[in-house]
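1. here you go, sequence then predicted model.
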Amino acid sequence: MNYRIVANCQNQTGESPVWSVAEQALYWVDIPQGQIFRWHAAQGVSHWQTKQVAACIMPHASGDWMVCQQDQINRISLATEAKVQIQQQLQVSHPHPDLRFNDGTCDRQGRIWVGSMHLDNNGSPVGSLYCYSAEGLSLKLSGLCTPNGLAFSPDGRTLYLSDSHKSVQKIWAFDYDPDTATISQQRLFVDMQLYDGRPDGATVDAEGCYWCCAIDSGKILRFDPQGQLLESFELPVSKPTKCIFGGANLDTLFVTSLRPDAANSEQDALSGAVFALDVGVQGLAETAVNF
């Protein structure tokens, strides 16, 4: 597979890539560093610093951004270079100490779906899945270790969720009612213990197929809507974290990655970089938060 390096920024934990159609630019975060990055082909890379971990971001219909952090969900402005301006803030009381938000996405109606996990990722099933909307923050599922892989089918009626902890390694599908924001009929979509790597961040393409970053394997796996493996793509790093479609025709797959603590300078030279792959498939534009 031919790949291009978008930014060799050596992110500690690069995550949550989002393509801005309006700007033709890619945004992503470095979770533990609390940084938000932007890449534009003509303008290069810029970044902003927040005051907490920055777990995931979503575009807001106003042109602002939403960022889920350790115990906050903030609406922010990135108008001023390097400085994040908070426009609106939700303070969250997690049910257990030492929790933070992790992977998140929007449904097709503009609500935020986000998971929480233990800061140490120690396998404790204290994580949860939440929906944040104009009605507030509501608990949807509990008993998770490392919730990840959130994505919606093109028609918005199937929600995908994974648990990437090594003790679980499952991807589930749920029926989703977009009118009431309720999930039901949880079922196993893919047992990732049958494949190389653990299920990390994911996206869905225009054909309804699920693209999963298989962390620790250096692979991105494409599954059809029935959970059958269709294709596998390899990267020059072992820990891809999340992928998203972007580019002028939404047919470029952008992939973030993380840099292991014990990274070897030669073997892991590209760990933490952001990559672009031409995969011959078109994706979907991200829905903006609308409240």
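-> Thanks, I have it.
2. rest of the way, CA atoms for contacts and neighbours
-> Will do.
3. what strand or helix carries P59?
-> strand 56-59 (DSSP states H and E).
4. just checking, next helix/strand downstream of that strand?
-> strand 65-68.
5. export that next one as PDB, just CAs?
-> Output of strand 65-68 as PDB, limited to C-alpha atoms (Å, rounded to 0.1, in the frame of the first residue of the first chain):
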ATOM      1  CA  TRP A  65     -15.300  23.000  17.700                       C
ATOM      2  CA  MET A  66     -16.400  20.600  20.400                       C
ATOM      3  CA  VAL A  67     -13.600  18.900  22.400                       C
ATOM      4  CA  CYS A  68     -14.200  16.100  25.000                       C
END
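6. number the residues from 40 up from this point.
-> With the count now opening at 40, the last piece we talked about shows up as strand 104-107.
7. from the contact counts, what lies against that strand?
-> Counting contacts by 3 or more C-alpha pairs under 8 Å, 6 or more residues apart in numbering; DSSP states H and E, strand 104-107 packs against strand 95-98, strand 111-116, strand 138-145.
8. what do you get if the cut-off is 6 Å, keeping everything else the same?
-> strand 95-98, strand 111-116 (3 or more C-alpha pairs under 6 Å, 6 or more residues apart in numbering; DSSP states H and E).
9. contacts for the strand holding P98?
-> Strand 95-98 has contacts (C-alpha atoms under 6 Å, 6 or more residues apart in numbering) with 55, 104-107, 142-143, 327.
10. so which of the helices and strands packed on strand 104-107 is nearest S201?
-> strand 95-98 (15.8 Å; C-alpha to C-alpha).
11. and that closest one, what's buried?
-> For strand 95-98, burial by neighbour count (16 or more other C-alpha atoms under 10 Å) applies to 95-98.
12. of those, closest to P136?
-> C95 (20.1 Å).
13. what bridges to the closest one?
-> Per DSSP bridges, the residues bridged to C95 are C107.
14. can you show me the strands along the stretch 140-289 of the chain?
-> Ranges of strands in the stretch 140-289 of the chain, per DSSP state E, counting those that start in this stretch, are 151-157, 166-172, 175-183, 186-191, 197-202, 209-216, 221-230, 237-243, 249-254, 258-262, 268-273, 279-285.
15. tell me the spacing between the nearest residue to N47 once chain neighbours are set aside and W67.
-> Leaving aside its chain neighbours, N47 sits nearest to A312 (4.3 Å; criterion: C-alpha to C-alpha, 6 or more residues apart in numbering). To W67, A312 is 11 Å away according to C-alpha to C-alpha, to the nearest Å.
16. okay, these two: which has more neighbours?
-> Between A312 and W67, W67 has the larger neighbour count (other C-alpha atoms under 10 Å), namely 26 against 23.
17. quick check: phi and psi at the more buried one.
-> Here is the backbone geometry of W67 (degrees, to the nearest 10): phi -160, psi 180.
18. tell me the pLDDT at it?
-> On pLDDT, W67 comes in at 98.
19. for it, give me its contacts.
-> Contacts of W67 by C-alpha under 6 Å, 6+ apart are 54-56, 75-76.
20. and with 7 Å instead?
-> Neighbour list for W67: 53-57, 75-77 [criterion: C-alpha atoms under 7 Å, 6 or more residues apart in numbering].
21. what's the answer for C252, then?
-> C252 touches 238-241, 258-260, 279-282, counting by C-alpha under 7 Å, 6+ apart.
22. go on, L269?
-> Here L269 is in contact with 261-263 (criterion: C-alpha under 7 Å, 6+ apart).
23. go with 6 Å
-> 261-262.
24. where's it relative to G53, distance?
-> 26 Å.
25. next: W250.
-> W250 is 17 Å from G53, by C-alpha to C-alpha.
26. please say which of the two ends up with more neighbours.
-> Comparing W250 with G53 by other C-alpha under 10 Å, the one with more neighbours is G53, at 32 against 26.
27. the inter-axis angle of the helix or strand that one falls within versus strand 138-145?
-> Secondary structure from DSSP H and E places G53 in strand 53-59. On the basis of axes from the mean of the first three to the mean of the last three C-alpha atoms, to 10 degrees, strand 53-59 is oriented at 30 degrees to strand 138-145.
28. return the list of helices and strands in contact with strand 53-59.
-> Taking 3+ C-alpha pairs under 6 Å, 6+ apart as the contact cut, strand 53-59 packs with strand 64-69, strand 291-296.
29. figure out which of the ones you listed is closest to V131.
-> strand 64-69 (20.3 Å).
30. just checking: what are the partner strands of that closest one?
-> Strand 64-69 is paired, per DSSP bridges, with strand 53-59 (antiparallel), strand 74-79 (antiparallel).
31. tilt between it and strand 279-285?
-> Using the same axes, to 10 degrees: strand 64-69 against strand 279-285 is 160 degrees.
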